[in-house]
Structure formats: structure tokens, C-alpha cells
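Enquirer: The sequence and its predicted three-dimensional model are supplied below.
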Amino acid sequence: MSRHAAARQVHGNELQRQLESMGIAVRAKSARGLAEEAPVAYKDVDEVVATCERAGLARRVARLRPLGVVKG
């Protein structure tokens, strides 16, 4: 979904509570800004990787787990 759609559908304050309950520290300039970056606004990375692999564009070599994200 687009950032605009995510901002309309996701409540930033609720998303922050959900993420923090999972042990994810969140610092955002605004609740709307956080809503725009909600996980539902992104494609499933496993599906994207599988599609690229099937198309012969890439092959899996590792699975990474982010430790932090900084956006600005």
C-alpha cells in the first residue's frame, strides 16, 4: 500500500504501542510519520526474494535480521 494509504489506515500511537510491546524501540517525529512507515505499507520481503529467485534475477545467500533502522 502507499504511504498515504498507510497513514489513513494505521494509527501511529497504536502502532508505537504494538511495536514497543514486541521490544522494538520507536522514536518518530510524529504519529502520522510513524504510520506512513507501518509494516503493512511494505511488501513481504520473503515473497519479493522468492519472486526474484524464480525469475532468475538473484539467488539467496543469507537471511539478514535488522538490528536498527534510521530514517531521515
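Expert: Structure received. Residues are numbered from 1 along each chain as shown.

Enquirer: which stretches of this protein form helices?
Expert: 3-9, 12-21, 31-36, 45-54 (DSSP state H).

Enquirer: ok, and which of those helices has the densest surroundings?
Expert: Mean neighbours per residue, mean count of other C-beta atoms under 10 Å, is largest over the helices of the chain for helix 31-36, with a mean of 18. The way it works is simple: take the backbone N, C-alpha and C, and place the C-beta from them, glycine included.

Enquirer: Show the average pLDDT along that helix.
Expert: The average pLDDT within helix 31-36 is 88.

Enquirer: Dump that helix to PDB, restricted to CA.
Expert: The C-alpha coordinates for helix 31-36 follow below in PDB (Å, rounded to 0.1, in the frame of the first residue of the first chain):
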ATOM      1  CA  ALA A  31       2.400   9.700  14.800                       C
ATOM      2  CA  ARG A  32       1.500  10.200  11.200                       C
ATOM      3  CA  GLY A  33       5.100   9.800  10.100                       C
ATOM      4  CA  LEU A  34       5.300   6.600  12.000                       C
ATOM      5  CA  ALA A  35       2.000   5.400  10.400                       C
ATOM      6  CA  GLU A  36       3.500   6.000   7.000                       C
END
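
Enquirer: hang on, the earlier thing: just send the helices of the chain back as JSON lines, with distance to R63 too.
Expert: Converted to JSON lines, the helices of the chain look like this (distance: least, C-beta to C-beta, whole Å):
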{"stretch": "helix 3-9", "distance to R63": "25"}
{"stretch": "helix 12-21", "distance to R63": "21"}
{"stretch": "helix 31-36", "distance to R63": "26"}
{"stretch": "helix 45-54", "distance to R63": "9"}
